[in-house]
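> Generate coordinates for the sequence data below:
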Amino acid sequence: MNRQQTALAKRAQIIALHEVGLSSRVIAQRLAVSRTTVQKWIHRNEETGNLNDLERRPRPRLTSREDEANIRRAVLEDPFTNAVAITERLHLNVTPQTVRKRLKEAGIRHRIPAQRSV
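Okay, the predicted model is just below:
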């Protein structure tokens, strides 16, 4: 059973025990969860009848389309640059990891060639 199925099974147990007439405190002790969790799922079930997780919104992007175009352009102009240099040169308010993600999304496999020490 995967994690989602396990969570749904535990939530179903909470509802079943509640319908039998057990208190939130007893259910929490029996299933080794907090009383707040028990109350949350009882309330959610009464309101919606749904025990699934709510859909989450993705985090908003920190770069605009213009920023992303500038990142791609910077790599094409200087293929030996790196994400830190691009972030600093373009004065982006993001981490170098974000720059790497945008390059990957654009299909640019950006790697600096290994240099041999002499």
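> so where is this structure shaky, pLDDT-wise?
Along the chain, segments meeting pLDDT under 70 span 110-118.
> If you count neighbours, what's buried in the one helix or strand residue 85 maps to?
Element membership for residue 85 (DSSP states H and E) is helix 83-89. By neighbour count on 16 or more other C-beta atoms under 10 Å, the buried set for helix 83-89 is 83, 86, 87. The C-beta positions use only the backbone N, C-alpha and C, and glycine is treated the same way.
> Distance of the last one relative to residue 81?
Looking back up the chat, that one is residue 87. 10 Å (C-beta to C-beta, to the nearest Å).
> Can you check which helix is longest in this protein?
Counting residues, the longest helix found in the chain (DSSP state H) is helix 3-20.
> neighbouring contacts of that one?
Applying C-beta atoms under 8 Å, 6 or more residues apart in numbering, the contact partners of helix 3-20 are 1, 24, 26-27, 30-31, 33, 37-38, 41-42, 45, 51-53.
> Top of the residues you listed by number of neighbours, please.
residue 38 (25 neighbours; other C-beta atoms under 10 Å).
> Let me know the next secondary structure element after the helix or strand harbouring that one.
Using DSSP H and E, residue 38 sits in helix 35-48. Using DSSP H and E, the helix or strand that directly follows helix 35-48 along the chain is helix 65-77.
> Pull that next one out as PDB, backbone CA atoms only.
As requested, the backbone C-alpha atoms of helix 65-77 are provided in PDB (Å, rounded to 0.1, in the frame of the first residue of the first chain):
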ATOM      1  CA  ARG A  65       9.000  35.100 -19.600                       C
ATOM      2  CA  GLU A  66      11.400  38.000 -20.300                       C
ATOM      3  CA  ASP A  67      13.800  36.700 -17.600                       C
ATOM      4  CA  GLU A  68      13.700  33.200 -19.000                       C
ATOM      5  CA  ALA A  69      14.400  34.500 -22.500                       C
ATOM      6  CA  ASN A  70      17.400  36.500 -21.100                       C
ATOM      7  CA  ILE A  71      18.700  33.400 -19.300                       C
ATOM      8  CA  ARG A  72      18.600  31.400 -22.500                       C
ATOM      9  CA  ARG A  73      20.200  34.200 -24.500                       C
ATOM     10  CA  ALA A  74      23.000  34.500 -21.900                       C
ATOM     11  CA  VAL A  75      23.900  30.900 -22.300                       C
ATOM     12  CA  LEU A  76      23.800  31.100 -26.100                       C
ATOM     13  CA  GLU A  77      26.100  34.200 -26.000                       C
END
